[in-house]
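1. Would you be able to build a 3D model of this:
(chains A, B and C)
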Amino acid sequence: MTTTPTELELQETIRQLTERMDALEKSAGNDRLSIGVMSGNLDTTIAAFIIALGAAAYDIQVDMFFTFWATAALRDPKKSVAKGFMDTMFGWMMPRGSRALPLSKMQMAGIGPKMIRSVMKHHGVKSLEQLMKDAADFGVRIHVCEMSMGVMGFKSEEMIDYPGIDYVGVGSFINMISESKQVVFL
Amino acid sequence: MTTTPTELELQETIRQLTERMDALEKSAGNDRLSIGVMSGNLDTTIAAFIIALGAAAYDIQVDMFFTFWATAALRDPKKSVAKGFMDTMFGWMMPRGSRALPLSKMQMAGIGPKMIRSVMKHHGVKSLEQLMKDAADFGVRIHVCEMSMGVMGFKSEEMIDYPGIDYVGVGSFINMISESKQVVFL
Amino acid sequence: MTTTPTELELQETIRQLTERMDALEKSAGNDRLSIGVMSGNLDTTIAAFIIALGAAAYDIQVDMFFTFWATAALRDPKKSVAKGFMDTMFGWMMPRGSRALPLSKMQMAGIGPKMIRSVMKHHGVKSLEQLMKDAADFGVRIHVCEMSMGVMGFKSEEMIDYPGIDYVGVGSFINMISESKQVVFL
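-> I've put the predicted structure just below:
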């Protein structure tokens, strides 16, 4: 059989459709979820990790972007670094790691977070620290906003050891959400 | 006419494209919206229902997922159930239904919510309670985070009567957002 | 060559696939981002504009929807309009423009926002006011929730001069997110 003009046209249309389909499937990001973590409370940080682990269980690649107040949740209280006056002051005012996070409600001078932790434990919910360990095991990626690190006066040396943790700009966050099915921001 | 090899190949390519298109259209979820409701303030809860009803008016299927503090908005103050000490204490500290929700700002010892309600009424905005009734009429689905119910010590018996309300895990939320065009989390 | 029935069928399938592809590409909104701005704090408003500008730098069309408390960030403190008693009272209680926004944390009776502004300046981060000017230059669109304007008692005459700023209903927000790749709500 000789290829007719009509068939050539059909073939070209199909080739173009396939290209467009490839591009659309990639951008649909059905196997990726981005989570923006900003408010830096115990409750929102726990929620972020529960969503991350829920998605990871469905083989969805999760990228968490920690920015502003939430960066403090990633401080390692056992590490300390020399800083200038302003950074030291800020570091002193901000929570020193996950165990020092406040609640968004019912803070009650520090009793609230202890109470929520106790009740969650009682109901068999993993601690935030355990959720973070699980996230590492499940390949959840953690990215930290570089600019926020600067503003808060945090150094990468005082942050937790988390596999592959990196310090990135807002452009990385834009790329992340562009290739994700959804973004949850909390 | 006999089918030529080239045509068979074309047909196979088209069959595959159609399959990929079906899958992509389903996952695009252009007719679905998920709303995560977590912070449990009067203002954010009103916003959640206004967005839900706005979407429903465009024939978009809306799934609301109530978690953490927001579960308290769904308590029915007229219902009460027997509970253990800890759950009773928590239940006492948490708002008892939509009429008891605080504002995220300008709480002013309870004057803020009353003032906002009065001003919204004056401007012809429906009350939260009316928005919830409308949501039921428009087929907006409400799902409540099972784990949060446990942590807050709430029983399904003390929640509002809402058609089809169900108590689900985080996996349901992941499925919901995977099949939605967008997720709004507030 | 004469067109065979099989070829006609193939052509029809391809035509349908192309139509579905067109629709899907449009709804995918890969070149659009919606940002819902509600909480109206200095930190969340800065974050909203940094994300907006980050996306605009990638040639993504950004639509910001200001609602509830966030509308106050768009007041121009140099403008004033005559209002009734209730609106005047509300206007007096709400921040008068971007320079009066509180922080979501560490407000410390007004010292917090000044401190954050000073530290951000020190780290070379643009001020919120500069970010807003840049957003205008980059074609970021700002839409304000009409209903919130009414509830807060704000008049369009007291809002900032921003190119193309408009006052819209929730339906516009639904359309916006329906045609966007993502929505970030903060």
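
2. Distance of the residue in chain A that chain B sits nearest to relative to A:Leu103?
-> Nearest to chain B in chain A, going by Cβ to the nearest Cβ, is A:Gly54, at a distance of 3.8 Å. Quick note: C-beta positions are derived from backbone N, CA and C, even for glycine. Using Cβ to Cβ, to the nearest Å, we find A:Gly54 at a distance of 22 Å from A:Leu103.

3. I'd assumed the residue of chain A closest to chain B was in a strand, is it?
-> No: with DSSP: H, G, I helix; E, B strand; the rest coil as the criterion, A:Gly54 is assigned helix and is not in a strand.

4. do you know how far it is from chain C?
-> Distance, A:Gly54 to chain C, by Cβ to the nearest Cβ, to the nearest Å: 19 Å.

5. for A:Ile51, same thing?
-> Going from A:Ile51 to chain C by Cβ to the nearest Cβ gives 15 Å.

6. For that residue, what is the enclosing helix or strand?
-> Element membership for A:Ile51, per DSSP states H and E: helix A:42-57.

7. That helix: which residues count as buried?
-> Going by neighbour count (16 or more other Cβ atoms under 10 Å in any protein chain shown), the buried part of helix A:42-57 is A:42-56.

8. With stretch A:123-141 instead?
-> Within stretch A:123-141, the residues scored as buried using 16+ other Cβ under 10 Å are A:Val125, A:Lys126, A:Leu128, A:Leu131, A:Met132, A:Ala135, A:Ala136, A:Val140, A:Arg141.

9. can I get those residues in JSON lines with distance to chain C and pLDDT?
-> Formatted as JSON lines, these follow (distance: Cβ to the nearest Cβ, whole Å; pLDDT from 0 to 100):
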{"residue": "A:Val125", "distance to chain C": "25", "pLDDT": "93"}
{"residue": "A:Lys126", "distance to chain C": "26", "pLDDT": "96"}
{"residue": "A:Leu128", "distance to chain C": "18", "pLDDT": "97"}
{"residue": "A:Leu131", "distance to chain C": "22", "pLDDT": "98"}
{"residue": "A:Met132", "distance to chain C": "21", "pLDDT": "98"}
{"residue": "A:Ala135", "distance to chain C": "22", "pLDDT": "98"}
{"residue": "A:Ala136", "distance to chain C": "26", "pLDDT": "98"}
{"residue": "A:Val140", "distance to chain C": "19", "pLDDT": "98"}
{"residue": "A:Arg141", "distance to chain C": "18", "pLDDT": "98"}
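
10. can you pull up the bridge partners for A:Val62?
-> A:Leu33 (DSSP bridges).

11. show me what contacts it?
-> A:Arg32, A:Leu33, A:Ser34, A:Ile35, A:Ala52, A:Ala55, A:Ala56, A:Ala135, A:Val140, A:Arg141 (Cβ atoms under 8 Å, 6 or more residues apart in numbering or on different chains).

12. touching chain B at all, the lengthiest helix in chain A?
-> What stands out as the longest helix in chain A, according to DSSP state H, is helix A:5-28. Yes: using Cβ under 8 Å from any Cβ of the partner chain, helix A:5-28 reaches chain B at A:Glu7, A:Leu10, A:Gln11, A:Ile14, A:Leu17, A:Thr18, A:Met21, A:Leu24, A:Glu25, A:Ala28.

13. so the fifth one sits right up against C:Ile14, yeah?
-> Right, the one you point to is A:Leu17. Yes: here A:Leu17 reaches C:Ile14: they are 7.2 Å apart, a contact under Cβ atoms under 8 Å.

14. quick one, strands of chain A?
-> Ranges of strands in chain A, per DSSP state E, are A:32-37, A:61-66, A:141-145, A:166-168, A:182-185.

15. Mind listing the strands the shortest one pairs with, and their directions?
-> When pairs are called by DSSP bridges, strand A:166-168 turns out to pair with strand A:141-145 (parallel).

16. contacting residues around the one residue sitting closest to the centre of chain A?
-> Nearest residue to the geometric centre of chain A (Cα atoms, centre = their mean): A:Met64, 1.2 Å. Contacts for A:Met64 (Cβ under 8 Å, 6+ apart) come out as A:Ser34, A:Ile35, A:Val37, A:Ala48, A:Ala52, A:Ala135, A:Val140, A:Arg141, A:Ile142, A:His143.

17. Report the two of those residues separated the most.
-> Farthest pair in the contacts of A:Met64 (Cβ to Cβ) is A:Ser34 and A:Ala135. Separation: 14.2 Å.
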